[in-house]
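Novice: give the three-dimensional model of this entry:
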Amino acid sequence: MALKVNFAVVIYMAVLISICTGVTVNIDNLDDVIEGSETRMICNYNPTSGSTIIITWRNVTGGASDDIATNVVGVSKLVQPAYDGIFSLDPNDDRVLVIANTLRSYSGDYQCEVNNFDSPPTTADVVTLNVIYLEDPVLSFTTPVNEGDPVTLSCDVVSKPNARFTFKKDGSMLQDGGLSTYTFTANRNDQGSYTCEVDNNAGTKATAGQVLNVYFAPEITALEDMEVSRGETVLISFDVEARPAANYDWSSQGATDIDSDPETFRFVASNNIGDVYTVTLNASNEVAARQSSVQVTVVARTTTLITTNAFTTQPDSCGSLSIVNDGKKVDGNMNVEVGDEVSLRCQCGDSDEGFEYEWTLDGDRMSESTLIFTAEKNGHEVVCIGTAGAPEPSSVSINVLVTDKEPNTGDEGGIGTGAIAGIVVGILVMLIILGVVIIIVLKSRDDGPSKSADSAYMDVTWDTKDPNRVNQGKKTAPPSNGTKEAAKQDAYHPYDAPDDRAYSRPSYGSEDYNDRPDDDDYANSMPVTV
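Specialist: Predicted structure coming up:
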């Protein structure tokens, strides 16, 4: 802070020496004097040679006339006891009155008087001493505050003349002007160091930095739900922003925190696929409390094994993905007929739980857990895609081959066991019947002709042209020589009576049905039952 050079009260005493003429004193006004600096008042005069000069300084503030000091030039210098230690006379310059440490209380009106014994005393005009000052400013505000609260910065200073005020945060200006207060609504970003700077003609001063603390409730960044492997050690850590720092209170269903860090939660997952843990953090401070939870699910995962020269991936113990129909795994292709209803499930190892999946049927995504569709002629491509917790590879596909329906029923177009059994039984029955018929025929040949009263007899002969042909219905006789010659038909009495019976000669003797018995009547005859 620059200090202004003190301007003395210069009392010019222009002395015109002439017969019957005295000393003349002129006074110039002072500039503002900064409190704490030195002030020098100078009373100039032009004495008559040989005359004794007495210079008297007075305080005439408010109409008073109070002597401060008297200097008998060349003889003595005296400061009045009431002003001793405040005012002094310059030992090297009889004209100068000195105030070493000018205080605001010294502000007022001053006057010097020059007395020459050769003439009446001459008094200079009144000069006013104006002391200006600027004390250290005081900055005040309430801290801490909560986010959203109103904040007022007040800057107080004692000064002359009035000071200007400048408010700053972390060195950056917030407000400049005549206002001694600055008001705003607290935001967490308003936390920082504040100062107040004041200035006037006496200089510039500033307060030391003061910290405004802005508190706010905990803010927890949410975590996405997690999937972990069986027996995996799980570490949960939320990102929490709070002022003042938050207190952590953890809770969980089925899990126990095994670490000592209050800001984290660590536990070991079970070996059961599908187990779910919900871990909750309750973060609180002086402002409020907030909660956030994360869900942890035990799923089937792949594990990477590091061997000497390679990385290999193995599925978790649940096994690999497969597609199942009626409880049986389908490998590659599946055969069905047009119109059949196909029902498929996807499973990991031997279970369809503990992981998530979705289907594609001929390229269209399906969200059903069980894929059910009706088989169409051109066939289908089915893919099960693991979406969460499935081991690698994360998909498996099959082709559904569709054929036309056969007219008979059976497994996949073959002959059914019922049909085969029916055919076998039918063949056996036919063989039994055929055997019975053969037995009866053979038995009839062995026993000879039947002579029952209900039998009808007729003569039979061999046809001469066809030995295997038997002539029936006419009474004929074979040739007498016993050869198989053509027999002549009896033209007289055709054998057509409905109840007549023909017998060989040995059976009926001389009695004959014909009018003319001859050798033909004794032909070899064979009774035939009809």
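Novice: and Leu281, what does it touch?
Specialist: Ile220, Phe238, Val240, Tyr248, Asp249, Trp250, Phe265, Gln291, Ser292, Ser293 (Cβ atoms under 8 Å, 6 or more residues apart in numbering). Glycine gets a C-beta too; all of them are placed from N, C-alpha and C.
Novice: for this protein, what's the longest helix?
Specialist: In the chain, taking DSSP state H as the definition, the longest helix is helix 417-447.
Novice: that one - what's its average pLDDT?
Specialist: For helix 417-447, the mean pLDDT works out to 83.
Novice: same question, stretch 231-240
Specialist: The average pLDDT for stretch 231-240 rounds to 95.
Novice: quick one: buried residues of it?
Specialist: Glu232, Val234, Ile236, Phe238, Val240 (16 or more other Cβ atoms under 10 Å).
Novice: quick check: the first one touching Val268?
Specialist: Yes: between Glu232 and Val268 there is a contact at 7.4 Å, judged by Cβ atoms under 8 Å.
Novice: state the pLDDT value of Ser180.
Specialist: 96.
Novice: Glu376 is in contact with Asp404, correct?
Specialist: No: Asp404 lies out of contact with Glu376 (Cβ under 8 Å); the separation is 11.6 Å.
Novice: mind listing the shared neighbours of the two?
Specialist: Shared contacts of Asp404 and Glu376, defined by Cβ under 8 Å, 6+ apart, comprise Val338.
Novice: neighbour count winner among those two?
Specialist: Remark: of Asp404 and Glu376, Glu376 carries more neighbours, 13 against 9, as counted by other Cβ atoms under 10 Å.
Novice: surely the more buried one is in a strand?
Specialist: No: Glu376: not assigned to a strand; according to DSSP: H, G, I helix; E, B strand; the rest coil it is coil.
Novice: how about it, phi and psi?
Specialist: Main-chain torsions, Glu376, degrees, to the nearest 10: phi -110, psi 160.
Novice: check contacts around it.
Specialist: Glu376 neighbours (Cβ under 8 Å, 6+ apart): Val338, Val402.
Novice: do you know the pLDDT at it?
Specialist: Per-residue confidence at Glu376 stands at 92 (pLDDT).
Novice: distance check, it against Thr403.
Specialist: 12 Å (Cβ to Cβ, to the nearest Å).
Novice: give me the common contacts of these two.
Specialist: What both Glu376 and Thr403 touch, as defined by Cβ under 8 Å, 6+ apart, is the set Val338.
Novice: Val383 contacts Thr360, doesn't it?
Specialist: Yes: with contact defined as Cβ under 8 Å, Val383 reaches Thr360; the gap is 4.5 Å.
Novice: please say which of the two ends up with more neighbours.
Specialist: Using other Cβ under 10 Å as the criterion, Val383 and Thr360 rank with Val383 on top: 20 against 16.
Novice: which of the helices or strands spans that one?
Specialist: Using DSSP states H and E, Val383 sits in strand 380-388.
Novice: all helices for the protein, in order.
Specialist: Going by DSSP H, the chain shows helices at 417-447, 505-508.
Novice: and those helices as CSV, adding distance to Gly327 and mean neighbour count?
Specialist: Listed next are these as CSV, based on distance: least, Cβ to Cβ, whole Å; neighbours: other Cβ atoms under 10 Å:
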stretch, distance to Gly327, mean neighbour count
helix 417-447, 22, 10
helix 505-508, 84, 13
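Novice: out of the contacts of Leu281, which end up buried?
Specialist: The buried subset of the contacts of Leu281 - by 16+ other Cβ under 10 Å - is Ile220, Phe238, Val240, Tyr248, Trp250, Phe265, Ser292, Ser293.
Novice: list just the nearest of these to Leu30.
Specialist: Set against Leu30, the nearest of those by Cβ to Cβ is Val240 (65.8 Å).
Novice: and Val437, how close does it get to Asp225?
Specialist: Between Val437 and Asp225 the distance is 85 Å, computed by Cβ to Cβ.
Novice: can you check Thr183 too?
Specialist: 46 Å.
Novice: so what's the residue count around Phe373?
Specialist: Around Phe373 there are 18 residues (other Cβ under 10 Å).
Novice: per-residue confidence at it?
Specialist: 92.
Novice: same question, Gly473
Specialist: The model's pLDDT for Gly473 equals 47.
Novice: same question, Ser504
Specialist: The predicted local confidence for Ser504 is 42.
Novice: and the one 10 residues further on, by the same measure?
Specialist: Per-residue confidence for Asn514 comes out at a pLDDT of 47.
Novice: do you know how far the residue lying closest to Lys168 once chain neighbours are set aside is from Gln347?
Specialist: The shortest distance from Lys168 to any non-neighbouring residue, by Cβ to Cβ, 6 or more residues apart in numbering, is to Thr195 (4.9 Å). In this view, Thr195 and Gln347 are 71 Å apart by Cβ to Cβ.
Novice: run through the bridge partners of the residue nearest to Thr61 when sequence neighbours are not counted.
Specialist: Leaving aside its sequence neighbours, Thr61 sits nearest to Gly108 (Cβ to Cβ, 6+ apart; 3.2 Å). Beta-bridge pairing of Gly108 under DSSP bridges involves Leu129.
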